[in-house]
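Participant: quick one, fold the following:
(2 chains)
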Amino acid sequence: MTTPSKSNGTPSKQRRTPAKQTSGSSQRTPAKKRNPLTALQEDEPIASPVPSSVLQMPFTPGRTPNKNRGMSFSPMTFTTSPAQSNICASGRTPMSTPSRVRSDLGSARKLRLVNEQEELEGDIDVNTADNQVVIWGTDVHVNECKRRFILFLKKFYLNVEEANLEGIDPAKPYYMQKLEEIHLLERPFLNVDCSHMKQLDKILYHQLLVYPQEVIPIFDIAVNELFFTIYADDTLPHQIQVRPYNVDMFRNMRCLDPEDIDKLVSLTGMVIRSSLIMPEMRSAYFSCNTCGFHVQVEIDRGRIAEPTVCTSCNTAHSFELIHNRSLFADKQFIKLQETPEEMPAGQTPVTVTVVAHNDLVDAVQPGDRVQVTGIFRAVPVRINPKTRNVRSIYRTFIDVIHFRRQKTFTAEGGTVEQATNDDEESTSSKFSKERLAQFRNLSERPDIYELLSNAIAPSIFGHEDIKKGILLQLFGGTKKSFTDAGRKSCRSQINILLCGDPGTAKSQLQQYIFRLVPRAQYTNGKGTSAVGLTAYVTKDPETGQLVLQTGALVLADNGICCIDEFDKMSESARSILHEVMEQQTLSIAKAGIICTLNARTSVLAAANPIESQWNKSKTIIENIQLPPTLLSRFDLIFLLLDPQDEAYDRRLAQHLASWYQYGKEGESAHEAMDADLLRDYISYARTFVSSQLTEAAGKLLISSYVEMRKVGSGKGQISAYPRQLESLIRLAEAHAKVRLSDKVEELDVEEAKRLYREALKQAVNLNNKQEQVQVYISTDYIMLPMEAQVDNIRIVCRLANFLYLNPYQERQIKNLSQVSSGKILYSNSKSGIKLLQEQIDKALTIPQPTSLNQTNTFISAVGLYQKFIKDYAKIPTPILKMANN
Amino acid sequence: MPFIEDWITHPMTIINRLHEKSPSTFENDVRNYFQTHINNLDLYKEIPSLNDHDDECLLPSGCLVRYRAMVQDMADDEIYCTQYKVRPNDHHQVEIEKSAKYMDLFVCPPGYTLIEQEPPRENFRSRQCFSCIPIPNETQWVKDNYRLHFGEQFTMQKRPINDQDNIQQLLSPLKRLKTTTSMETNNDNNEAIVKAEPVKTTSKSNYMVKVYDTTEEILLNTMVEFIGIYYDHSVIKADSIQSVNEMDQDQLPKIKTIHCIQYKKLSHINPLLYHLPNIEFNQISISRQYILSLFECIFPNDKLLCEYLLLHLISRIYVRQPSLAYGKLSLNLSHISTEQFNALEQLLQTILPLYSRISITVNTLNTIQLMPNKNVTKEDDNENQLTQTPLQLPLNSHLLIDETKMECGQLTTLGLNNIKLLQDLLHQQTLKYEFHVYQLDYECDVRCLIISSTKSILPCDVYIRYQSEQEVNQIIFPNITKEQIDNIRCYLTYVGQQLEFDQTINNVSSDINTCIQEDFVNMRKQKILTNLDDFHTLLVLARLETLSYGEKALTESYWNQAKNLEFTRRQRMNV
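Facilitator: As a prediction, the model looks like this:
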C-alpha cells in the first residue's frame, strides 16, 4: 500500500509534476492511495464544493495552503501510482487507435493521461491496484466515477418526444446510439448533454461541474473502454473524447466571477474576433550537438524547460531545438461579446476571451452566435521581465470544450442550418424545456388568440381586429411546395394593408412590429426608390467589380417588411412589389448581373387616403388610389378610421392621459404578455408547427368560396378570385398555428372568414355602425349582398349623391346632360357636374319603405340615380328581388 | 490617528494599517474611516479634485482624489487577488500577509521580497472597471463654482469670479469672443467651431476607475463622483489576447487608474444646489420671470417663443414606453438672426450646467460619425474603447443643433445614418451605439433645441417661427445680479428635477381628468385636434407649465394656459 510518506520516493516522473513549487515545497504528494476505509469516508461529503478536508490532511508536508485549488493538481499526478494502469486500461484499447492530447482541458498545465499511458505501457499490470483511488484535492473517486459514467451511458433514454425530434430510436439508450454513430462515422467525439446527466446522476453531474479537469479524462477513459469492448476491431483516428455541453450553470457572461474559476461553465455570446491560429508547442525535441542524443521535453505550465546538461555525454548547453520534430497543437483566441438579449439596459456589452484548441480551432467565425461550454480559468498576468512590478490582476479566459453555433433564428425554420462542432444538434435546443412547457400551456389556453393579439402593441388603443390580423401575419401560413405540379411554391406570407386617417397609430403599429420581429425592415414609401426596395448594382470603388447590394425587401427575407406611406411611393417602386408579393422572388437584370433573389417577405403596408383624410363618400379604391392588381395581393385590408364618436374619444383620452401619470400603466393594464415570450412563441410556432387542412375545414373552405363566387357571379361578375381563396387558407392556417395545432379545423376557417369579412367591412364602414354596406372590393364596383337590409339603399343613395358622380367618366356625364337637360337635375359649372341640393334632399327624405308598394315607390324614386352610378342596376337587386317575391 | 495630510497623500498606509489591525473587518473599517472624513465638508475640500487639475497631473501617485466624471465606457470586470505575502529578506521572520485591494501592483516594502505564488481560489475577487471622462460639455460656470465651493484651499488659485456682479459681466468673456470673431466672416467662425468640436469632446483626459463592491448599478453615461486612490501608472489590462510582454510599454496610451473607495451618483451637477434640497416657493416665480425677461431681450415681442423656450429647458422624460418617451419637448426655432442666435447660445451657457452644440451641414453629416462605436476588429486591445461622439451625453444635457448652415447636397450612407440617429434621438430619445456585431439602443435624455433657417429637416415636437416686426441687431441684457443668475440656475435644475423625482406631481385629480377628456372630445369635434400626437404634446405642455410655476398638481387654469399656448402657436404657424 502506498502511504503518504511515499511522496518522497515518487518515481522518476516526479520531475514532471507541475513545477510551480515555490522554494518551500519541492516535494509534493500528488496522489495518494488511502486505505479503503478512509477513502470511503472521504467520499461521504460528495457534494462539498471546497475540498477542505483534503486540504488539511496532515500527510502533505511542505504544502502551502494555496495548493488546494483543484487546478493546481494535475490529474496526471495520480498516474504515478500503480492505479494508473487501472485507469488507463490500455489493455483494452487497440494500439491501432492512437491517443490524442486534449489541450482543451489543461492548456497551461499538464494533463496528459494519455501520454502517461504510452510511457507506462511497459509496466501495466491491470487490476493490481485497489479501486479506491481518489483524485487528490477533490472528492472524485476514480473508479466510482468511471462506473457511474458508463452506467449513465448505458441507461440513459430520451423520452419519446425528444427522441422524435432528434430522429432516433427512443427504445435504445441514447448514448449507445451515439457510440454507434461514432462507430459508423469515425468521428471520435462524444457530446454529452449535461442536462441528461443531471436527470440520471446528480452526483456525477456535480462532480463534472466542479472538477471538469479531473473528471473529463475519466470520462474519456470510460467511454473508450466501453467503445472498444463493443466495437473491438474498430480503428478510430484517435481515442474518443467526451465533450460535455449544456451545463445547467448557464452563465451570463456578466456573472462570471471568481467562484467559477476552474469550473465547467456554459455561456452564449457572439464571436466578434478570432485570432490567427497559433501553433503551441506541446513537446519540444532537443538533440545534443555533441553526441546526437535526443530528448523530448513536454510543455509544463506553458513553458519548456531546456535541458542544460546532456545526460549522455555530459556536455553542458549542448542541446539544440529541432523544430521539425517537435510537436505542436493548434490554438486560437476568440473573443466573445455578450448577446444583445442578455444585456441589462444601459450597460455596455462585456467580452470574454475564449481559447479553442485542436479541432475546435476555426469552428466558429466572427458574427456567429455560439454557446460555449468550457472551463473558466484565471492566470496571473505575466510579469514583465523588465520591471519588478507584480500585478494583482488575473487574466481570465475559457478553455473551450464544446462549441455550439446557434441557429440564426429566422422565421422559416430549418432553412438556416445550425452548425456545431458535431453537426448533430437539434433546433429545439434554442428553447429551454421550461419555455417549451410554457408554450404548451399557453397553446392550450382557450383565449390564446386574444391573449396574443392583446400582447401586440399594448400601448395602442383598440383596433382588436387589426391586431389579430397582424398576429396572423406574424405566424404566417404553412409553406407549401408544388414543385411536382409545376408551380414553384405557394406563398405562405400574409400581406396586410393598413389604410386610414392620419394619427391613427398606423406607423406605431408598424414600428412595434419592426421591433418585435427579428428580421424586419422598416421603410418609408416616400423616401424609397425602387432600387432601395429591391437591390441595386454598384461598382466597388476599389476593385471596380460589380457588387449587388440588397434592398429592404430582400433583407427582410423570411421576415416582415413594413412600408409606411405606401401611397406616396413612386409608381415604379410600387410595381416592383407585384412580383415580390405574389411570387416571393425578386428578379434583377442589371449591368452584368442577372439573378433572382428570394424575397419571402410579408408586407405590412400603411397608406393614407389620397386626400390625406378619408373621404367618406368615396370607395376605398378611390381613397387609396392603388391599382387593383396590387390591392388584390393584400390578404387583408384594414381601414383605420377616426370613428368620430364621442364615447370612443373619451375612452381614448382616458387611455392617453393615463400614460401621463406616474406608476399607472394605463387603465387597460390587461394581462400583457411580455414581448420576449411573444417573440419566442411566434418563432417556435413558425418553425415547428405546420398546419394541414383537415377535411372538414377543406369542405368549409370550398363551400364558402363557392358562396363568395356565387355572390359575384349572380351579377355576371366574378367577385372572388382564387387568390382570395388562398388568402383564406393562409389565414386559417395561421390561426391554427396560434394554437400550435397541426390541423386546420373548422373554427380556424370560421375565424379566417370572420377576419376577412371584418377587414372588408371596416373598409367600407362609411357612416356609422348600423349602416354597413358590405362590399367586395375584388373589382371596383359596389355590390350589395343578398341579405342586405332595405335601408342600406339609403346609403347607396348617399353614395350616389356625393361621390359617385365625380369620378364617373366625364363623357358619360356629358351624355347624360344632353339626355336630361330639360329637367333641372344638375347644374353644370366649371367645377364639375353637381346634383342640385333639393334633389338630394328629396332623395334622402324618402321614407323607409314598410310595404311592398312603398318599396316599389322607393325603388322608382331611387331610380333617378341610376344615370349617375356605374353599374347601378346591380345595387338594388336584392330589393327588387324582394319586391318581386 | 494619522494626520490630515496623511490620509490624503498616503491613503494606502492607512488602509494597510487598518488591515494589519484586523484583517477580518478591514473592509468595513476602511469604508467607515473614509466615510467619516468625507462627510466632513472641510476635510472633503482637502481632497484634490482631478477636474481642477487640467494640465498633466502634478499629483503624486497613490494619493486620494476626487473625480467628477461620466461613465463613458465599461470595461470587463477584472479578477484580482485580495492578498499577497511578503517575506523579510533575512529569512528569519514570518511572512506577512498584505491586502492587495485598491492597487494594481503589489508593493514590496524595502527589505522584503515578494512571495510569488498562486493564491487560493477564495482570495479572488472581482471589481468593476469603468472608463470615465470628465463630464462632457460642463459649462464654465459650473467648473468655476465647483472650484469656488469645494476647491482645495491650499492649492487653489482663486478666480476672481466674485466680482462679476451682473449678467453683462458674466456674459462678457463670451461677448468679447464674439465681437472679435464677428469681424471675420461668419462662415469662418462657424467652420472653426465645427472643426474644433469633436476634438474638444473626445480628447479630454480620461481615467480608468476600478470600483469595488458595487451595490447599485452604474449605467453608461451616468455622472458619478468618485473618491479614490490615484495611480499614475498606466492601465494594466488583463484581458488582452496578446500577452503583455509583446506590447511596447511606451505605446500604451496614458490612461491613469483610480481605485475607487467611495462613489456617489450625481443626478445633476449644479454646484449651487449641492446642499440645497429645494428652493423657496416665491423664489420660483421670481426666477421664472427673470428667465422670461432674459429671453425677451433676445426675442423681443415674442412672449410665446420665450414661454416655449422655458418649458423646453425644464422638460425631462418621466415615462418610457417601447418606442415612445413621454415628457420630452424638443423645440425647433427658425427665422432668427445670427445676433440672436449668438446671444441665445451665450445665455444658455450661462444658465445651464450642461450645454453642447453640434452644427449639421451636408458636409459634416457626411464626414462625422455621430454614432458612438466600438471597433473591436483592431488587434490592439487598448484601442477597443468606445469612441465618444458629440451625441454621447449624460442625462439631462442640453443639445443645440445648428441647422442654419444647411444647404442642398447629397448625403452619403454615413450622412443618412447620422440623420437617422438624430431622428431617433429626437423622436424616441434613444441613441444607437455600434458594437461591431450589433447595434444597441441606449436610452438618453437630451433636450434638443434646433435652430434652423426654416422648418428643420429633423422631426421636432414643437416648431416656432420667430415673428417680429423689426430686425434685432443689438441685444442688451438687463441688469440682473449674480445672485439672481444663481437663482435662475437653481430654478432650472430644481424644476427639471421635480418632474423626475416627484411622484405625486401629476396625480391628475379626477376633476381635471374629466375636464381634459371633455376638452379632448370637443376639440376632436371641432376638428382642431386630429392627431393624437398633438394631444400628447398638449398634455406635456400642461404638465411643464404647472411645474414651471413650482406647482405640483395640474389645475384647470394651467391646462387652459397650455391650450392657449399651443393654439396660438398653431395659429401662427398656419398663417
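
Participant: tally up the residues packed near the residue of the stretch 1-150 of chain B found nearest chain A, please.
Facilitator: Closest residue of the stretch 1-150 of chain B to chain A, C-beta to the nearest C-beta: B:F124 (3.3 Å). Every residue, glycine included, has its C-beta placed from N, CA and C. As a burial measure, B:F124 scores 20 neighbours (other C-beta atoms under 10 Å in any protein chain shown).

Participant: isn't it right up against A:R377?
Facilitator: No: counting by C-beta atoms under 8 Å, B:F124 sits too far from A:R377 to count as a contact (11.6 Å).

Participant: which residues are in contact with both of these two?
Facilitator: Counting by C-beta atoms under 8 Å, 6 or more residues apart in numbering or on different chains, the residues touching both B:F124 and A:R377 are A:I261.

Participant: quick one, phi/psi of A:D742?
Facilitator: Main-chain dihedrals, A:D742, degrees, to the nearest 10: phi -80, psi -20.

Participant: point out where the stretch 151-300 of chain A drops to low pLDDT.
Facilitator: For the stretch 151-300 of chain A, applying pLDDT under 70 flags the ranges A:160-169, A:248-251, A:300.

Participant: one step back: give the contact list for the residue of the stretch 1-150 of chain B closest to chain A.
Facilitator: With C-beta under 8 Å, 6+ apart, B:F124 has these contacts: A:P258, A:I261, A:A378, A:Y394, B:I79, B:Y80, B:C81, B:T82.

Participant: swap the cut-off to 7 Å and go again
Facilitator: A:P258, A:I261, A:A378, A:Y394, B:I79, B:C81 (C-beta atoms under 7 Å, 6 or more residues apart in numbering or on different chains).

Participant: my guess is the fourth one meets A:R377, correct?
Facilitator: Same thing as A:Y394. No: contact criterion C-beta atoms under 7 Å: A:Y394 and A:R377 do not qualify, at 9.1 Å.

Participant: burial count for B:Y102?
Facilitator: Other residues close to B:Y102 by other C-beta under 10 Å number 22.

Participant: show me the beta-bridge partners of the residue nearest to it when sequence neighbours are not counted.
Facilitator: Once flanking residues are discounted, B:Y102 sits nearest to B:H259: 4.2 Å by C-beta to C-beta, 6 or more residues apart in numbering or on different chains. Assessed by DSSP bridges, B:H259 has beta-bridge partners B:K210, B:I229.

Participant: quick check: B:H259 vs A:D257, distance?
Facilitator: To A:D257, B:H259 is 19 Å away according to C-beta to C-beta, to the nearest Å.

Participant: likewise A:F286?
Facilitator: 42 Å.

Participant: again, but for A:A222
Facilitator: A:A222 is 32 Å from A:D257, by C-beta to C-beta.

Participant: go on, A:I150?
Facilitator: 34 Å.

Participant: SS state for A:L626?
Facilitator: Secondary structure for A:L626, judged by DSSP: H, G, I helix; E, B strand; the rest coil, is coil.

Participant: report the contact partners of it.
Facilitator: So A:L626 contacts A:D567 (C-beta under 7 Å, 6+ apart).

Participant: ok so, going back, hmm, B:Y207 and the residue nearest to B:Y102 touching each other?
Facilitator: No: at 10.6 Å, B:H259 does not count as touching B:Y207 under the criterion of C-beta under 7 Å.

Participant: once you drop chain neighbours, what's closest to A:K178?
Facilitator: Per C-beta to C-beta, 6+ apart, closest to A:K178 is A:L190, 6.1 Å.

Participant: contact partners of the strand or helix carrying the one you found?
Facilitator: For A:L190, the enclosing helix or strand under DSSP states H and E is strand A:189-193. Contact with strand A:189-193 is made by A:K178, A:I182, A:V223, A:I240, A:Q241, A:V242, A:R243, A:P244, A:Y245, A:N246, A:H402, A:D422, as judged by C-beta under 7 Å, 6+ apart.

Participant: settle it for me: which of A:A222 and A:D257 has more neighbours?
Facilitator: A:A222 (25 against 15).

Participant: what about the more buried one, distance to A:A232?
Facilitator: In terms of C-beta to C-beta, A:A222 sits 16 Å off from A:A232.

Participant: got it, and A:Q493?
Facilitator: For A:Q493 relative to A:A232 (C-beta to C-beta), the value is 55 Å.

Participant: same check on A:Q511?
Facilitator: A:Q511 is 65 Å from A:A232, by C-beta to C-beta.

Participant: of those two, which one has the most company?
Facilitator: Higher neighbour count among A:Q511 and A:A232: A:Q511, with 21 against 9, using other C-beta under 10 Å.

Participant: how would you label the more buried one: helix, strand or coil?
Facilitator: From three-state DSSP, the assignment for A:Q511 is helix.

Participant: and it, what pLDDT?
Facilitator: According to the prediction, A:Q511 has pLDDT 80.

Participant: just B:C448 next, same as before
Facilitator: 90.

Participant: correct me, but it touches B:I401?
Facilitator: Yes: between B:C448 and B:I401 there is a contact at 6.1 Å, judged by C-beta under 7 Å.

Participant: phi first, then psi, for B:I218.
Facilitator: Per degrees, to the nearest 10, the backbone of B:I218 is at phi -100, psi 120.

Participant: with adjacent residues omitted, what lies nearest to it?
Facilitator: B:V71 (5.9 Å).

Participant: what about the residue nearest to A:K178, neighbour count?
Facilitator: Using other C-beta under 10 Å: A:L190 sits among 23 other residues.

Participant: no more questions from me, cheers.
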